[in-house]
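S.K.: My questions are about this predicted structure, shown below with the sequence.
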Amino acid sequence: MENRETMNKQAIARLIRGVCSALVALALVACGGGGGTKNTVGITGGTGGTGGTNGTGTTTLAIPVVVQYLASEPAVIYVAGAPGATRSNVSFRLLDALNQAVAGRTVLLQLVDASSGASLQNAAADGGLRLVSDVDGRVTAGVLSGSVPGAVRVRATVVDFPLVAAVSQELTVAVGRPAQRAMSISRTIINIEGDSRDGSETQLTVALADRNGNPVPDGTQVNLVADAGVLIPASCVTTEGSSRCTVTLRSQGTRTASGRVTILAYTPGEEDFTDINGNNRWDAGEAFGDLGQAFRDSNENNTYDVGEFFVPRAGASVCGGGLLGRPNTCDGAWGEADLRTQTVVVFASSFASIGERTGSAAEGFIRFKISDRNGNNMPFGSAISVSVVPPPVGTTACRVESLPTSVPNQVAPTDVLARLFECSAGDLIQVQVRTLNGAETFDSFLLN
């Protein structure tokens with residue numbers, strides 16, 4: 001009894017499915033979308049959207065009523081010749097009136113706009129690609145990037161039912177190559193206790209992007225060089241779509257005389273330009289930033305000096321100066337170059353120097369600088385304490401409040417402001433600086 005009832009329900013479901021498909025087909029034909037008499041309209045049997053037989057025994061195909069855009073994988077590809085993926089698989093699915101997959105239907109895939117130079121893989125001379133939907137109702141087209149970045153969309157149309165169509169969401173074609181203006185480097189700790197102490201560390205992160213602010217492909221490599229310490233590793237690659245990578249600088253070996261370590265990061269990329277006509281590519285006559293050989297400006301004078309590290313690259317034209325490159329190493333043409341950015345990390349000494357003071361008891365404040373032995377800042381996080389030393393005889397009402405209470409994360413020495421309350425000339429003030437590794441410096445002086 002239960003089996004008979006189940007069979008009846010299945011028969012009714014098949015009948016309903018067939019009737020719905022037939023009605024949709026008739027509607028499409030009436031609207032000019034069914035391709036005339038080329039499509040046999042019948043009540044389909046079976047399950048899913050694979051079709052069945054009509055009253056005369058002719059095999060029919062289910063009628064698609066929806067083209068569903070599924071995905072573009074990956075959603076970002078890169079212009080031809082750039083690092084990273086240059087092909088994306090764009091998928092659609094055909095569904096009938098009961099939301100079942102429709103197999104065996106021919107689908108025409110076309111680019112909505114081919115001006116970017118993108119194309120469909122294996123497309124015909126007219127740019128179209130005809131594919132037959134599989135058992136899951138799917139068709140997948142390979143989109144190949146062109147030479148121009150931008151958005152690419154694909155239209156999928158059922159050949160026998162032109163009104164049944166869909167357009168993919170935007171697939172992004174990115175430049176892929178890093179741009180000079182989008183490159184930067186940052187430091188977690190700027191002033192580490194590394195002057196006489198081995199093993200102090202800071203992290204250096206290089207961030208990249210293309211000229212449109214899109215992330216560069218995973219695997220883009222950045223090289224780094226430093227004039228002291230060791231970089232671990234000496235190069236890094238972008239991962240997980242982050243468009244950045246990180247290395248560690250560790251104090252060791254010979255230190256620089258200034259206590260400042262210059263780090264240069266460089267990677268192949270493209271020179272900046274002004275896109276006057278907005279076509280997303282460089283055209284003759286548009287201004288660009290010609291880059292010469294990248295160099296590490298170890299003495300921080302904003303020009304190349306003999307003995308400083310540089311990256312060899314052909315070129316003999318005049319450069320704009322500064323960090324744009326070594327003199328007379330530009331090539332006078334827009335294109336690929338070694339992008340560059342640099343920063344400075346202080347290998348600070350463990351013991352402090354307390355600078356000359358201004359202010360007095362009468363003025364109610366004193367101000368002074370705290371630096372390391374090279375005139376740079378003390379190690380980041382070192383504690384700063386300013387206090388009143390009790391007199392050997394009697395008492396004093398003098399109180400001191402000072403800021404900051406620790407050394408900030410910066411290259412320049414720390415400015416300390418101590419406010420004085422009920423203090424008099426001759427009161428004794430003590431300054432203490434203690435690094436995170438326990439090195440202490442004391443200094444004391446009488447108030448004016």
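M.R.: Happy to help now that I have it.
S.K.: Distance check, Gly104 against Val139.
M.R.: Gly104 is 11 Å from Val139, where distance means Cβ to Cβ, to the nearest Å. Yep, even glycine has a C-beta here, placed from its N, CA and C like the rest.
S.K.: which residues do the two both contact?
M.R.: Val132, Ser133 (Cβ atoms under 8 Å, 6 or more residues apart in numbering).
S.K.: Those two: which has the busier surroundings?
M.R.: Val139 (25 against 16; other Cβ atoms under 10 Å).
S.K.: What sits closest to that one if chain neighbours are left out?
M.R.: Leaving aside its sequence neighbours, Val139 sits nearest to Leu131 (Cβ to Cβ, 6 or more residues apart in numbering; 4.3 Å).
S.K.: mind listing what that neighbour touches?
M.R.: Contacts for Leu131 (Cβ under 8 Å, 6+ apart) come out as Thr106, Val107, Leu109, Val139, Thr140, Ala141.
S.K.: can you give me the mean pLDDT across the helix or strand containing the fourth one?
M.R.: Remark: Val139 resides in strand 138-144, with elements defined by DSSP states H and E. When pLDDT is averaged over strand 138-144, the result is 97.
S.K.: again with stretch 299-309
M.R.: Averaging pLDDT along stretch 299-309 gives 95.
S.K.: do stretch 199-212 as well
M.R.: Rounded mean pLDDT across stretch 199-212 is 96.
S.K.: Repeat that for stretch 165-180.
M.R.: 91.
S.K.: Okay, buried residues for it please.
M.R.: 165-166, 168, 171-180 (16 or more other Cβ atoms under 10 Å).
S.K.: From the residues you listed, which land in strands?
M.R.: Ala165, Ala166, Leu171, Thr172, Val173, Ala174 (DSSP state E).
S.K.: returning to that earlier point: what is the strand holding Val139 packed up against?
M.R.: strand 87-95, strand 106-111, strand 119-120, strand 129-132, strand 154-158 (3 or more Cβ pairs under 8 Å, 6 or more residues apart in numbering; DSSP states H and E).
S.K.: Emit the ChimeraX select command for whichever of the contacts of Leu131 are buried.
M.R.: A single ChimeraX command selects the buried members of the contacts of Leu131 (16+ other Cβ under 10 Å):
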select :107,109,139,141
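S.K.: ok, the contacts of Leu131 vs Leu339, which is closest?
M.R.: Leu339 lies nearest to Ala141 out of the contacts of Leu131, by Cβ to Cβ, at 34.9 Å.
S.K.: That closest one and Leu111: what is the separation?
M.R.: Separation of Ala141 from Leu111 (Cβ to Cβ): 10 Å.
S.K.: Find residues that contact each of those two.
M.R.: Residues touching both Ala141 and Leu111 (Cβ under 8 Å, 6+ apart) are Leu120, Val154.
S.K.: Quick check, pLDDT for Arg373.
M.R.: So Arg373 comes in at 97 (pLDDT).
S.K.: Might one say that it is in contact with Phe347?
M.R.: No - in this structure, Arg373 is not within contact of Phe347 by Cβ atoms under 8 Å, at 10.9 Å.
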